[in-house]
Every structure is written in C-alpha cells, then in structure tokens.
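Asks: The following block contains a protein sequence and its predicted model.
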Protein chains: 4
Amino acid sequence: MSHKTLNVGIVGYGFMGRTHANAFRKVVNFFDLPIKPVLKAACGRDEAKLKDYCDRWGWETAETDWRKLIDRKDIDIIDICTPNDSHAEIAIAAARAGKMVMCEKPLSMDGPQGEEMVREIEKAGVANMVWYNYRRVPAVTFAKQLIDEGRLGRIFHYRAKFLQDWTISADLPQGGAGLWRLDAAAAGSGVTGDLLAHCIDTALWLNGNINSVTAMTETFIKERKHSLTGQTQEVKIDDACAFLARFDNGSLATFESTRYARGHKALYTLEINGEHASVAWDLHDLHRLQYFDHRDRGNLRGWRSIHVTDGDHPYMSQWWVPGLQIGYEHTFVHQVADFLQGVASGTPAAPTFRDALETQYVCDAVLDSAKSGQWQNVKHV
Amino acid sequence: MSHKTLNVGIVGYGFMGRTHANAFRKVVNFFDLPIKPVLKAACGRDEAKLKDYCDRWGWETAETDWRKLIDRKDIDIIDICTPNDSHAEIAIAAARAGKMVMCEKPLSMDGPQGEEMVREIEKAGVANMVWYNYRRVPAVTFAKQLIDEGRLGRIFHYRAKFLQDWTISADLPQGGAGLWRLDAAAAGSGVTGDLLAHCIDTALWLNGNINSVTAMTETFIKERKHSLTGQTQEVKIDDACAFLARFDNGSLATFESTRYARGHKALYTLEINGEHASVAWDLHDLHRLQYFDHRDRGNLRGWRSIHVTDGDHPYMSQWWVPGLQIGYEHTFVHQVADFLQGVASGTPAAPTFRDALETQYVCDAVLDSAKSGQWQNVKHV
Amino acid sequence: MSHKTLNVGIVGYGFMGRTHANAFRKVVNFFDLPIKPVLKAACGRDEAKLKDYCDRWGWETAETDWRKLIDRKDIDIIDICTPNDSHAEIAIAAARAGKMVMCEKPLSMDGPQGEEMVREIEKAGVANMVWYNYRRVPAVTFAKQLIDEGRLGRIFHYRAKFLQDWTISADLPQGGAGLWRLDAAAAGSGVTGDLLAHCIDTALWLNGNINSVTAMTETFIKERKHSLTGQTQEVKIDDACAFLARFDNGSLATFESTRYARGHKALYTLEINGEHASVAWDLHDLHRLQYFDHRDRGNLRGWRSIHVTDGDHPYMSQWWVPGLQIGYEHTFVHQVADFLQGVASGTPAAPTFRDALETQYVCDAVLDSAKSGQWQNVKHV
Amino acid sequence: MSHKTLNVGIVGYGFMGRTHANAFRKVVNFFDLPIKPVLKAACGRDEAKLKDYCDRWGWETAETDWRKLIDRKDIDIIDICTPNDSHAEIAIAAARAGKMVMCEKPLSMDGPQGEEMVREIEKAGVANMVWYNYRRVPAVTFAKQLIDEGRLGRIFHYRAKFLQDWTISADLPQGGAGLWRLDAAAAGSGVTGDLLAHCIDTALWLNGNINSVTAMTETFIKERKHSLTGQTQEVKIDDACAFLARFDNGSLATFESTRYARGHKALYTLEINGEHASVAWDLHDLHRLQYFDHRDRGNLRGWRSIHVTDGDHPYMSQWWVPGLQIGYEHTFVHQVADFLQGVASGTPAAPTFRDALETQYVCDAVLDSAKSGQWQNVKHV
C-alpha cells in the first residue's frame, strides 16, 4: 500500500510539547508504519515562543488559538499538551469536529469531567489515546508480557511509588509557567494526578481493577508565593499521597507519591509478587527489569537483572543492538507507533480515554478517602 | 575493678535460643565489659534436645521447668526465648523473684498484657530489655547517629517493609515446633507481631512516636493442616499487613509486611527522607547504609553506598578491619554488650519493656484498624 | 548571525549509518547551533537498500559511488561509515577535494596508514573528527571535568574493559554484511580495533599518553565458515585481548576486551583511582557515574551513584528534566553538536584524526606485544 | 563414637590470632565434628599482650617461646599466625616434632623455601593446611560446585582483583607491629604475597593451573619512615601488582592488586566466564554470588544476584535461616571444621602445604616477570 499520512496539530509547546514533537518526528525513522504523522501545525499563546518551537521541530504552520486549529480542515489529529484544566474543553471540541484526539495525562480534572470526555469522544467515534507513556518502557511492556504468559501465577502484592524532591524548598513559588503543577486550579491535584496517575495507569494495565482504597495526603509547605502575582497564598495541592488498595484479583497494594523524598529525582518504582515469580522495575534505570523465578533450581534462585535491550524484548528490535540503552523519550515514540498501528488496524491502542477514565476514578477515590478517612470503593467505567 | 559476672538462665532452645547463646558466649571475646555473662542454666521441656543444646553451647546446668529455674538462687538474669504466649507469665514470675529479665520480641500478646508486664517489671525494679536486635545492626545504629546529629533535618517520610516468601505453599502446615509463628494461639498475630514489630520498634527509635494508623491485613491461604493434629483448620494469623501512619513529628509513613513476597527471604528495608538528607537500609545487605546528602555540590550529589565496616562506625572497632563484614548474629552480641553496660552504668539499654510496650500499642492499633476499616489513634505509654 | 548550514554526504548505511543519520537529524531539535547540518546525500552500493535508507532518514539524494559523492560541489562534509579497510582511501580523497571529514573509528587499519591520513587531512586543512562517541556519554564527559578540576589528584590506576559475548557460538560465520568485524581483511583486527580502541581513546583523553604495554591475544574458535563463500577458513582476528600499561603520568593500567564474556552484551567499564577520589562508569548503565571522595567525612564515605541527568551535568540541559535518562544514540548527537561548534569557533572538536592516530599507535603496540611477548613502547604522534 | 579432642597451640596473637581463636572456639557450636579442638596454649613474645589474649579467648596456658610450645607433649596442632618470615622455621620444627600444622598464608617467603616446608611436612606425615580462608566463603565454595557440575562449560576468562586504599598517605610508616606487611624483610613481598596470593589460591582451585604470566609492579611511595627506628628508608615492597596469565585450560586471565585504589577497603573480586554460564563475586558483599546462565530463555536472561544464605548452599545449613548473612570470620570457622573432618576421615582438607606451594610458584613467576619484563612459565609442584 502507499504510505498514508495523518496531519497532527499540537496544542501546547512546553515540556510535553517537546516530547511529543520528538516522537512524531522520530517515529518514522525507526518504525515501519502504515500511516505516517505529519507535523502540520502547532498552537500556543505566546507567538515568539511558538515560532521558536515550530522552527526547532519543523511544525509547518502555527496557530495562536486552539479553536482555529480545530477548525482547520487539514488537521487529522489534535494532540493536547496543555495544563490539565483545559484538556476537557479542547478534547471535546476536537472530537465534535471529527478529529482524532491524543491527550496528555491525566485525562481530566476528575471523574465526572472524564465521563463527559469519554461520552463525547465515543459519540464522535474518533480514535483517541491518553499519553500514559510509562506503559511503553520496554521493561514495563515486557513485565506485562510475562504476566500475560502466566509466569507470575496468582498475584499477591503490588507496590508502586513515584518519588521526587524538587519542591522541598519553601522558596519555590507556585503557579505560572513551568509551575502550574503546583497550582490546584490548573492541575486539579498535586502528586495524585501528576505522579500517582502514572502508577495507577500501569497498575490497572498489569494487575486489573482496583476495588477499594484508603489514603492520606499532606501538604508540607502550607503557603507559597505565587509566581505571577507575587502574593503568598495557601498551597492547595497535595505534596504527598499514599494509599492502600485491594485489587479485584485479591492482591494487596501500597501506592505512594511525594515531591519531598530527598535524593529521588523521578523515581517511579513498581514491584509485583506472584505465586511463582516476581518482577520489579524503576524509572531511574528504566532499561532493566528485575525478575525472580521460584521455578529456578533452589540454590540458583536469585533476582535477575535483565538488561531489556535485546531484539526479542518489546520495541527493541527497532532500535540499536543488545546492550545499548534507550531512554525516556523513546516511550513517546512507541506510543505514537502503537497509536498509528491502531488507527490502521482498527484495534485502538491503549490507553484510550475510556481506559484513562478508570485511572481518574481511582484518583477520585484516593482523594475522597484522604478527606473522609474511610475506605472508598472505586467506581468503575 | 575486678570483673563481675552475672549468671544467665535461658528459657527456650529454639532458633532464638541459638542466637542468644552465641551472643552470651561471644560477647566477652570482642567487647571489654564491666560485667561478664555466665551461661549458667538452660531450660526446656524436651530433655534430649535440652542436653544437646547445653552440650553444644556450654550451658552449665539444665532445667525442664522454668519455675525451678526462676527459683534458683544462682541465676541473675532470666532470658526468655519461648513462643509469645508464654512471655508474660515467665517474665512476671522472674521479675517477682528479683531476676533481671531479657525477653524476646514481641513483648506480649497485646497491649494490655504488655502493660501488666511493664507494671510488674517496674515494680520489681529489675533491669529489663526486649530483643529488638535490628536496632543494633551497625548501619541502623549509624542512621540513628546521623538523625541525632541533625543531618537529615525535618523528616518528611518514613518507609519500612519486611518481606518474606516462606509460607506461599498451601502444603505448609501450621502450628507445632518451628511453625508456632503460624498459630495465632501461640503467636498472637502473624506478620504484624513477628515482622512489623521489628519495623515499628526501629521506627519509634529513629523517628519518634506514631500518632495514628490505617491498616489492612489478609490471610491468603485460608486453611492449613495443623502439624500436630493433622486436622485442616482455619488459619487465624495475618499473612500480610500494610498500614499508613502519621508520626508525631508530622512525617508520613508506609509500613508493610508479608510472607507472600516471592523472591524475598528476610528483606527488612527502611528509608527515611529528611529535608537535607535521606538514609536507606536493608537486611539483605545489612552492612551497608545508603545515604544521600543534598548539601553535596549539586552535580556531585548521589546516593552513597557506605560500607559500614570502619572503626568509626558503631560497634565496628570491636570486630575486624575495614571492608570485612559482620552479619546477623552480631546484632545479638551488641545487645548483650549494651545490656551489661547498662546494668553497670545504671543507664538501662533500650528497648526496655516500657519501650517495647509502645510497639505493642502500635500493633494493637494496626490490627484494630484492619478490622474496623477506620484510622486508629495509637495509645501511648 | 544568520544560521549557516553544511551539507553532509554520508558513505555507508549500516549500523553506523543509522546512528549518524539520527544524530544529524536530531541535533537541531536539541542544540542551538551556529551551523546546521543538512542531510544532503547518502552513498552505498546496494541501490534498493540505499533508497530505503534515504527514505527513512530524509537524505535528499543518493549516490552509489563514493567518488562521485566527493566530486559533488554541494557536499561540505564527507561522513565515513564504511568498514575499516576503506577509511583511508575515502578520507584522503575527500580531504584532497577540500571536504571536511568525519570518520568512524578506528581511524585506520594501523598506525602507518593513519599517519598518511593525518598528513593528508592536515595538508588539506579541513575540519576532521573521528567518531569515538563514548567520550560524549554525559557521565564520561563529567568524569573528565572532575579530573580537570583536580578532584582526583595524582592518578594511581586506570582500568578498562569492553566485554561482549556474541561470538561464542562456533556456528557463527565470519565475514559479509553485518559480520565484517570478524574478517581481518576488512576490520584489520578483532576486539583490539573494534572495542579496545574505544577504551584507549577514552583513556588517552582522561589520563594522558600511554608509555608502554605488554599484551596477549587469543582466537578461541580457530575456524569458521565464511558467510559469503561458505568455506571454512581460519579465523584471523583476535577474539580477546588484554594488556598491561604504564601511562606517562606514572599510573598503572589494565585493559581487556573479549567477545567471549558470557553475560555481557556491550559492557564497556572504566575506573580511575586517584589520590583523593575515584570514578567508575559502565556502558550498561551509562547514565550513572560512580564517585568516591576521600575528603568526605570519614564515616560518611561511600561510592556515590550519581544519576547524571541534571541540568548542570554535561549536555543534559539540552534534554529532559532531572531523573530522565538518555541513551546510546545521544552520544552521536553530542558529537555532531561539538563538531559543528568547533567548525564555527575555529577550535576543533576532539578527537581529530591526529588524536585518533595516537590510539592507533597504542593498538599497534598492543598487537606487536601480543606477537613478541615483549613490553612495547608506544610511538607518539 | 566418643568425641575426640585435639589440643591447639597457637603462635601469634595479632589480627590472625583473633580470627583463628574465634574459629576454634566457635566451630563446636555450629558444626557436628568427629574431633573437637581445645584452645590449649597460646604463644607470643609480649607477656602482657599474651595474657590479655589468653584471657579474652580462653587459651588455657601461655608460652613466650614457640620452641617450648612445640616441645610440649600436650599439643597436637601448631597453628602459625606470625609474620611470613617465620613460617618456615616454626612449621618445620613443628612437623619434625610430629605436630599437625596449620599455617597462615602465604606459605613461605618464596618457592624454594616453600619446597623445603612441603618436603619436611610430608616427610613427617602430619596433617597440614594453609589458611587461604576465602575458598570457604559460601558463595565462593558454591561457585566451585557450579564449575564442578559443568554448568559453566569451557572456561574462556578469569578475572581477579584485590583492591585496598590504606597505604596512600605518604605519612604512613613502614614496619613494626601492625605494619609488618609494609616491610619486605618480614613480608617477603607487598601486595603480591599479601593479597594476590589469595586471588591465586582461589583461581588455582576454581580454574586449574596457571601456565605462564607477564607482570608489572610498582612502589608509588618510594620512601617511608620506619615505625621502630624513625629512619626514612626505601620502601622495598610492591604497592601494586598486575599480571596477565594463561591457564592450562586455555583460558585467559587478568589479576591485579593494589593498596592505592581509593574507595576500596578490601575489595577482592573474581569473575569467570564460561561457554554456558558466568559467575562473579566480591568480598564487599561476600554473601552474594552473581550468576548468568545462557541456557535461560533468551529474553529472560540476566545476572542473578544469589543471596547465598539458604540451607542448600555450602556451609549455610549450620548457621541461621535463609536471608540472614554471615560474614568474614565465618570462613575461618569453616576451615577449622573442614580440617578436623579431614583429620578424622583421612582425606586432608585443602589447601595443604603442597597446594599452597603452587600459589607460591605463581607469585615467584609474577615477581620474576615484573623484574625481567618477560613472560615467565610457572613452575609446578
């Protein structure tokens, strides 16, 4: 078949704007795709920054109003990289205009808003996906394969943490460019939506639905200056959040996230203990999967540090040769490749909006539990 | 001064009987003590096993009834190594007879029983100690020194886990010799009293009192054969327990223990994140302390793997030379040394019965919360 | 200044052809460069493969004869990615035609050939560079900074290894596409030129010149089928090579490389021990530098595992945020960036042909010593 | 059978005097032995220190002249813990007196002296052993089992290092108590006899005889004050030594030792690469064996970190329970146990004097090669 193309219009040029642009540009060099993305238009409010962004990444055209971008006939995919509080409005407008939608995580500010997004996107019948990129770290995808093979057997325990330390200083302001994650109005929540949402998305994928949770949150620094107004204001996001959970499959879980764990930059870790085998992974050495198999001969049992860089590891045949690592940015390339394969094949790549709504429900239950001090059942999609 | 001696009478010759005997024998070779222990008498019900035990370790005499042991005038210290359900009776009788008492952990079956023990031991005014040995791993003691120095600053997070995998097989029986830890009647609880009690003791020592907890427990294998009766019976202990906690100092904590974590033999881990620095430690490499100091030059910051084997590390000047590890058994030697120093100096070595009661209160709150599904405040000593 | 561009013509579309193409494409997205590379032409003998390569990477035009490529007026830089036996001829022709030359490592088949290349390239006065990419792993570049700062002090020891295991099977053929590294006629040598050359290049950069060496080599599998002829032939390359060395600065070194180290895919490791501090690094976790500083307080000394992903680490401000790894391919991007900066500034980026000739001299001395059984002095540039 | 005993007379009460005393005392608590050692007499020149040593360890009697010790009828075993220069004289006298002899490593000052010792000891027909204790680290013994099982297959590579950093300061004196290792007259050589001898002993045991070597040595600090005379004198020992070797089985090896490797206290490491599997071990985490097995399923291959603490690991059934480490001192306990088992069974425990002489020959070849700059063939026993 002749190579088909799809024109991408991206909204937002911040950190995620860079990771997505890189993915759209690079995917064709490494993956044989039935459909190729074209970096057609980028949209942002600051014209100078927008121009720089387009020049640097090769976006063909620029728009300063996302509604105009959505109106354009030559745009097939709207890719949303804006702060959380604008996801719903843009996504719904794009869906109504018949565009495919790729949306940064978390899907929405909360479950009800997410429900509306799912309703609209499914009514429009357009391809859709949420950028929970860590599913596509080869070592994590490989863990999924091992679980699906049945190598772990019955699961007893799931553990996940996402630890950072960049907001410990009381002098760090909240809000504004680069700091909207500290502003509850823009972000919806703190570490729960920003970091735990990643942990939850992966967990639901690897271990099925969560039944119920009990949680606690904390805001260690109660007031911070706002970077735009200069006013000292109450900090309304959660600096840290931990919760216990029970999965539908009977396994127990602990989840934790914080931006006050001195010494950890972006330490997302997970571990799963099954009847026969266990796996563990962390983002600071993302190219390795730790694997323990009880079926190994007794005195030869040990945690294997698998360097997930071989051709028979997920995605890795497309990259270099055994032993040579890839990194963070490649997860986005994988996601684009899978999204486009999904569009071509008719089998949508996960996580869709619907999949991501389930994560939203868990976040809601967690935040509710932190307030109520009660176990909360998780609503399901 | 001339070397004074104290005569020890031990009750129980099981696994703990071995660790204590080794400690009493060995401490004089490595530590200069004002008072030396004498392995005077061992007590157990099985005469043949008792004789073997005495022969192997050099206990001078044997008794098959612990009450007779306590009656003996030549015994100064009663050391209790029996299953948990007999700690109180023996300890109280010993205290009333004016003996010093060293008691295996956990102190008691629950808080109220522990309160009675503390009341009696303090009324008797005898030296007392509970064998929470992991405080005296040099790397853990060193962590305590660093905290006391103020190197960590304000504490934000505490994390502890104790993971094992030895009860996963459904064929493992419960109860009886070597398996009393699986029998609720003898053990009181499962992993909570057996493993989490260690984690809690260390945590209280390093990070102060716990204010409140919310917990969950699970028994994965619901029925097991009893090793003595051969009958299949309900399993009443907790196979796994996890809880969230808030400390009085404002820090948040997660605790977890299980015997269903495939791949982990005795993986007690702890991590503490402070404003300026963090420490982490695990029992599978007990001779190392991980340390991160934010005050290091920015681009030179990293987790330091400190091989805690130098002469200026706690206890290590008594052992070998830098780089040469000690192991598990040495923690008991340190505890004996400190206990005897405490007796000589009049400043009791911790944890005393009173200290250990605080751990018992936390365990009670955890088990209560697991039943009620509510946050529980922790009673304090 | 207005952005200048330079047109690149690449020769070879194999593994290195991919790494270079990716680097030329990607560098402009991440680095602000005074001169930008244009992927103008690719050259290779197999037209179909060449077309695929051009399509995939966006090379504007194709040539099947490298002489024609060199003749083209619109080409500014010739980038050589062919097997070692053709480096000299192409590089010299390109230099004589006034092209800048970027050449894959090793520079040449041996020292004398390298001398001729240096003579010609310097006579032509064109910018030149050899792709010893591992210098530009951020952790390795950071090690260089620490050494230059004087943090290590007097150097006592240097250790490097490059271990692989991909040729252990006796069934693996030699020669032909993808296997020319096993063919002495095409490669010049085995692991010495392929792997040790990397170790030597880094070592000369970090620790200065090598004075003398004593070496041994081995070919474990003596005969292999040739992949093109099907004939069983003597294997003439070295499967393994180890040597001892003395540097001009008085430090001692061990170097080793093999393709028979079961369990290691591409494990390039190095360690340097200085009076005050030591560093260690390995390619399987290339984003970390291990650092030990004796000036730390005595009981707090330990190897720091520095996650070299912060903005104040070399090159890292151009990539993502702290904690997020980059990988293998990025080293080539850095090299292009530095080469172009060097062209613009007039200060050539290292290693130049002249720098790479020094590595060639060490390789020659190593191979000579392996034959003679004698210590060999290293010729210097 | 009734328990037989053997009376031990030890010569020397320094660091090794402590490790041996501990082993003799402790072995009966952990091992069921056909013959039990009795700590009968200790011998040393300083009466006060000797008394302390006897008191601390329970040696029944004291002697200040080793000849008198040897003359005593009640001594069955002479255990030599003195500096290297007195091993031969004491061992030969003891053998002639019909005593069993246990001798600290290295056996002798050089090969010829060692030959005389072997001749005399074998003429006397007495049980004999040299304390190369690292063979009996459970992880190392386990490696031996795996090799003997054939799990590694044909061996290609052997690598060993012993790195320390305690002599870097130029202010450290040479000679005298605690420092005789820096005095060539007492020690014979520097790191070669002190550290590399350990590496060589293990290597010969695990991988068979060494055929030939080429070596280099260095003395970084040329002059030091003598601790007794206060005079600044030339340092005559080797501070560092590295050598290449070829084993009889065709494998290649690198060996290195130094006391100038900043950051390493006592880092003895070894790695063996076989056709099918590899093993690696280091003394800083002595309870772990790293194991890679190529026969694992392709995408599940990884280095296993085996925590060598299970009942089916060598020696470990005698100690605690899985997951609980033992340390350095235990290797000596194992050696005593094996020696006594050997005496009882008539199959001598290795390494005997004869075994240890082979190590001496390798050391001689290494030191000769370092002087001559030539490859040296190793003399064999």
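Replies: That came in fine, so what should we check first?
Asks: can we go C-alpha only for contacts and neighbour counts from here?
Replies: Fine.
Asks: Enumerate the residues of the stretch 251-381 of chain A near chain D.
Replies: If contacts are counted using CA under 8 Å from any CA of the partner chain, the residues of the stretch 251-381 of chain A sitting beside chain D are A:298-308, A:310, A:312-313.
Asks: Is it possible to get JSON lines of these that adds distance to residue D:171, neighbour count and pLDDT?
Replies: Formatted as JSON lines, the entries for those read as follows, by distance: CA to CA, whole Å; neighbours: other CA atoms under 10 Å in any protein chain shown; pLDDT from 0 to 100:
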{"residue": "A:298", "distance to residue D:171": "51", "neighbour count": "12", "pLDDT": "97"}
{"residue": "A:299", "distance to residue D:171": "48", "neighbour count": "16", "pLDDT": "98"}
{"residue": "A:300", "distance to residue D:171": "47", "neighbour count": "23", "pLDDT": "98"}
{"residue": "A:301", "distance to residue D:171": "47", "neighbour count": "19", "pLDDT": "98"}
{"residue": "A:302", "distance to residue D:171": "45", "neighbour count": "26", "pLDDT": "98"}
{"residue": "A:303", "distance to residue D:171": "45", "neighbour count": "26", "pLDDT": "98"}
{"residue": "A:304", "distance to residue D:171": "45", "neighbour count": "23", "pLDDT": "98"}
{"residue": "A:305", "distance to residue D:171": "43", "neighbour count": "22", "pLDDT": "98"}
{"residue": "A:306", "distance to residue D:171": "46", "neighbour count": "19", "pLDDT": "98"}
{"residue": "A:307", "distance to residue D:171": "45", "neighbour count": "27", "pLDDT": "98"}
{"residue": "A:308", "distance to residue D:171": "49", "neighbour count": "30", "pLDDT": "98"}
{"residue": "A:310", "distance to residue D:171": "51", "neighbour count": "21", "pLDDT": "98"}
{"residue": "A:312", "distance to residue D:171": "56", "neighbour count": "14", "pLDDT": "97"}
{"residue": "A:313", "distance to residue D:171": "55", "neighbour count": "19", "pLDDT": "98"}
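Asks: Among those residues, which one sits closest to chain C?
Replies: The nearest member of those to chain C, counting by CA to the nearest CA, is residue A:307 at 7.8 Å.
Asks: who are the neighbours in contact with the closest residue to that closest one other than its chain neighbours?
Replies: Computed as CA to CA, 6 or more residues apart in numbering or on different chains, the closest residue to residue A:307 that is not its neighbour in sequence is residue A:288, at 4.7 Å. By CA atoms under 8 Å, 6 or more residues apart in numbering or on different chains, the residues touching residue A:288 are A:139, A:281-282, A:305-308.
Asks: how about a cut-off of 10 Å?
Replies: A:137-140, A:280-282, A:304-309, A:325, C:284-285, D:302 (CA atoms under 10 Å, 6 or more residues apart in numbering or on different chains).
Asks: now do residue A:165
Replies: Contact partners of residue A:165, counting by CA under 10 Å, 6+ apart, are A:258-267, B:273, B:275.
Asks: for residue A:100, same thing?
Replies: Taking CA under 10 Å, 6+ apart as the criterion, residue A:100 is in contact with A:6, A:8, A:75-79, A:91, A:94, A:121, A:124-129, A:343.
Asks: do that again at 7 Å, thanks
Replies: A:76-78, A:126-128 (CA atoms under 7 Å, 6 or more residues apart in numbering or on different chains).
Asks: Narrow these to those in strands?
Replies: Using DSSP state E, the members of those that fall within strands are A:77-78, A:128.
Asks: ok, so of those, who is nearest residue B:46?
Replies: Comparing the ones in strands among the contacts of residue A:100 against residue B:46 with CA to CA picks out residue A:128 as the nearest, at 71.3 Å.
Asks: bridging residues for the closest one?
Replies: For residue A:128, the beta-bridge partners are residue A:101 (DSSP bridges).
Asks: Now for it, how many residues are close by?
Replies: Other residues within reach of residue A:128, judged by other CA atoms under 10 Å in any protein chain shown, total 28.
Asks: What of residue A:120?
Replies: 19.
Asks: Confirm it sits in a strand?
Replies: No: the assignment for residue A:120 (DSSP: H, G, I helix; E, B strand; the rest coil) gives helix, which keeps it out of a strand.
Asks: and the closest residue to it other than its chain neighbours, what element?
Replies: The spatially closest residue to residue A:120, leaving aside those adjacent along the chain, is residue A:92, at 6.1 Å (CA to CA, 6+ apart). Element membership of residue A:92, judged by DSSP states H and E, is helix A:87-96.
Asks: In terms of secondary structure, what does that helix contact?
Replies: Packing partners of helix A:87-96 (3 or more CA pairs under 7 Å, 6 or more residues apart in numbering or on different chains; DSSP states H and E): strand A:100-103, helix A:111-124.
Asks: can you do 10 Å?
Replies: Under the contact criterion of 3 or more CA pairs under 10 Å, 6 or more residues apart in numbering or on different chains; DSSP states H and E, the helices and strands touching helix A:87-96 comprise helix A:66-71, strand A:77-80, strand A:100-103, helix A:111-124.
Asks: is whichever strand or helix holds residue A:198 anywhere near chain B?
Replies: Secondary structure here is read from DSSP H and E; on that basis residue A:198 sits in helix A:197-207. No: counting by CA under 10 Å from any CA of the partner chain, chain B has no neighbours in helix A:197-207; the shortest distance is 15.5 Å.
Asks: Now the element after the helix or strand containing residue A:52, going C-ward?
Replies: Using DSSP H and E, residue A:52 sits within helix A:47-57. The C-terminal neighbour of helix A:47-57 among helices and strands, as given by DSSP H and E, is strand A:61-63.
Asks: Starting from that next one, tell me which strands it pairs with and how they run.
Replies: Applying DSSP bridges, strand A:61-63 is found paired with strand A:35-43 (parallel).
Asks: and stretch A:162-180, which residues are buried?
Replies: Neighbour counts using 16 or more other CA atoms under 10 Å in any protein chain shown place A:162-168, A:173-175, A:180 of stretch A:162-180 among the buried residues.
Asks: one step back: for the residue nearest to residue A:120, what are its contacts?
Replies: With CA under 10 Å, 6+ apart as the criterion, the residues that contact residue A:92 are A:98-99, A:101, A:116-121, A:124.
Asks: Spatially nearest residue to residue A:56, not counting backbone neighbours?
Replies: If you skip the residues right next to it in sequence, residue A:56 has residue C:29 as its closest partner in space, 5.2 Å away by CA to CA, 6+ apart.
Asks: my read: the one you found touches residue C:22, true?
Replies: No: with contacts counted by CA atoms under 10 Å, residue C:29 stays clear of residue C:22, the gap being 11.3 Å.
Asks: quick one, domains of chain A?
Replies: According to automatic domain parsing, chain A is divided into the following domains: A:4-132, A:134-377.
Asks: What ranges does the stretch 201-350 of chain A have for its helices?
Replies: In order along the chain, the stretch 201-350 of chain A carries the following helices (DSSP state H, counting those that start in this stretch): A:330-345.
Asks: now chain A, which segments are flagged as low pLDDT?
Replies: Where chain A drops to pLDDT under 70, the residues are A:1-3.
Asks: any idea which helix is longest in it?
Replies: Looking across chain A with DSSP state H, the single longest helix is helix A:353-372.
Asks: Show me which residues of that one are buried.
Replies: A:353-370.
Asks: quick one on the thing from earlier: tell me the angle the helix holding residue A:52 makes with strand A:35-43.
Replies: 160 degrees (axes from the mean of the first three to the mean of the last three CA atoms, to 10 degrees).
Asks: Send me helix A:47-57 as PDB with only the CA atoms.
Replies: Output of helix A:47-57 as PDB, limited to C-alpha atoms (Å, rounded to 0.1, in the frame of the first residue of the first chain):
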ATOM      1  CA  GLU A  47       3.900  34.000  19.400                       C
ATOM      2  CA  ALA A  48       7.600  34.300  19.900                       C
ATOM      3  CA  LYS A  49       7.900  31.000  21.800                       C
ATOM      4  CA  LEU A  50       5.600  29.400  19.300                       C
ATOM      5  CA  LYS A  51       7.700  30.400  16.400                       C
ATOM      6  CA  ASP A  52      10.800  29.100  18.100                       C
ATOM      7  CA  TYR A  53       9.100  25.800  18.800                       C
ATOM      8  CA  CYS A  54       7.900  25.500  15.200                       C
ATOM      9  CA  ASP A  55      11.300  26.300  13.800                       C
ATOM     10  CA  ARG A  56      13.100  23.900  16.100                       C
ATOM     11  CA  TRP A  57      10.800  20.900  15.500                       C
END
